[in-house]
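> give me the fold of what follows.
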Amino acid sequence: MANSGITRNEVAVFIDLENLRYSLLNIYGQEPDFGALVDKAKKYGRPSIMRAYADFSEHPPELTRQLQVVGVEAINVPVKRLQYIRGAKQIERVKNAADMVMAIDAINEAADADSVGKSKVFFLVTGDADYIRLVTQLKNRFGQQVVIAGVPGSMGTDLITAAGQSDPIDVKTYTPIDPMTLKTAIIKMVKKGPSPLKFWSFKVLDQWCQNPKHNIPGVAKEKRDAIRELMNEGVLIRQELDLATFGKKGLVTQTILDESKAKGIGYLS
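As a prediction, this is how the structure comes out:
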């Protein structure tokens, strides 16, 4: 039988999945624990709404199932990709409206609560400072309590100040990878080649390093830092490539390997 005499706060949980997942992966090499996240939100009361926003086609399918298991509604907001030519290069611009949709939903939830004189705790899972205006609206216009639950190391200071309360996501201790081991693994992958692609680009190299099937150790940030260090060392070199070689028009920037320098440093035997 429910305890009808006990009044508890209602909690509105809004998750910026892009910010949460990529911050965890880039800094700590971890995937989100949605069960632990919901438990954290429950410290502030009973969840009345729990939603996560993203273009879910950009994430592993099991994330949607994990959200469903803990009672979080997955709100799919497809990204828009615009391509245009600048000079001789083809540029892709990506527009992601998930943050805007999340902000609108949070404002609507606050307005509904305010219309009946109800106070809620808005538990915002993000560290993105772009939400400062949303936070100030929730607090000042609607008189709601806001808690910022972001990933340590990715939370905007001004965002936390605006909310006045934060409860960072709990992360496991991570042991950094040995830089020599990491860079050696990247160089061996580059030497093997990007088959079936014709050449390496910085973007493709980064994508392959992040893909688990290529067995490159370390977290995303460590891998990107290692690629940049290899370029600073002159082991990886960026140069223009005329696509006429492949029967196409335009120029692209490719990344090539200086094997002699790699051997001199010890990345290759």
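> where does pLDDT dip in the stretch 151-269 of the chain?
Counting by pLDDT under 70, the stretch 151-269 of the chain contains no low-confidence segment.
> could I get the full set of helices for it?
Under the criterion DSSP state H, counting those that start in this stretch, helices of the stretch 151-269 of the chain are mapped to 157-163, 179-192, 202-210, 220-232, 259-265.
> outline the domain layout of the protein.
Domain assignment of the chain by automatic domain parsing yields the ranges 10-163, 179-265.
> scan the protein for its longest helix.
Longest helix in the chain by number of residues (criterion: DSSP state H): helix 98-115.
> does F199 really touch T253, like I thought?
No: look at F199 against T253 with Cβ atoms under 8 Å: they stay out of range, at 9.8 Å. For every residue, glycine as well, the C-beta is placed using N, CA and C.
> let me know the pLDDT of E92.
Looking at E92, its pLDDT reads 44.
> now do the contacts for the closest residue to S48 other than its chain neighbours.
Leaving aside its sequence neighbours, S48 sits nearest to E10 (Cβ to Cβ, 6 or more residues apart in numbering; 4.2 Å). Shown in contact with E10 (Cβ atoms under 8 Å, 6 or more residues apart in numbering): G45, R46, P47, S48, A113, K118, K120, V121.
> which SSE is the last one in?
Using DSSP states H and E, the element containing V121 is strand 120-125.
> returning to what we had before: how far out from the middle of the chain is the longest helix of the chain?
Taking Cα atoms, centre = their mean, to the nearest Å, one finds helix 98-115 lying 22 Å from the centre of the chain it belongs to.
> sorry, back to before: now do the strand holding V121 against helix 98-115, angle only.
Per axes from the mean of the first three to the mean of the last three Cα atoms, to 10 degrees, the angle that strand 120-125 makes with helix 98-115 is 170 degrees.
> strand partners of strand 120-125, parallel vs antiparallel please.
Partners of strand 120-125 in the sheet, by DSSP bridges, are strand 10-16 (parallel), strand 145-148 (parallel).
> dump those to JSON lines, plus mean pLDDT and distance to C209.
Formatted as JSON lines, these follow (pLDDT from 0 to 100; distance: least, Cβ to Cβ, whole Å):
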{"stretch": "strand 10-16", "mean pLDDT": "97", "distance to C209": "25"}
{"stretch": "strand 145-148", "mean pLDDT": "98", "distance to C209": "31"}
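> need those strands in CSV (columns: distance to G164).
Output for the strands paired with strand 120-125, formatted as CSV (distance: least, Cβ to Cβ, whole Å):
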stretch, distance to G164
strand 10-16, 16
strand 145-148, 7
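> run the chain-centre distance for the longest strand along the chain.
With secondary structure taken from DSSP state E, the chain has its longest strand at strand 46-54. The chain centroid and the centroid of strand 46-54 are separated by 18 Å under Cα atoms, centre = their mean.
> what residues does whatever helix or strand comes next after that strand touch?
Sequence-wise, the next helix or strand downstream of strand 46-54 (DSSP H and E) is helix 62-69. Helix 62-69 is contacted by residues L17, R21, P32, F34, G35, A52, F56, E73, A74 when judged by Cβ under 8 Å, 6+ apart.
> ok, 7 Å please
Contacts to helix 62-69, defined as Cβ atoms under 7 Å, 6 or more residues apart in numbering, come from residues F34, A52, F56, A74.
> now the two most distant members of the residues you listed.
Maximum pairwise distance in the contacts of helix 62-69, criterion Cβ to Cβ, is 13.6 Å, between F34 and F56.
> so for those two, which residue has more residues nearby?
F34 (22 against 19; other Cβ atoms under 10 Å).
> A244 versus that one, what's the distance?
Distance, F34 to A244, by Cβ to Cβ, to the nearest Å: 49 Å.
> wait, M102 touches I15, no?
No: here M102 does not reach I15: they are 8.1 Å apart, not a contact under Cβ atoms under 7 Å.
> who's more crowded, the two?
Between M102 and I15, I15 has the larger neighbour count (other Cβ under 10 Å), namely 29 against 26.
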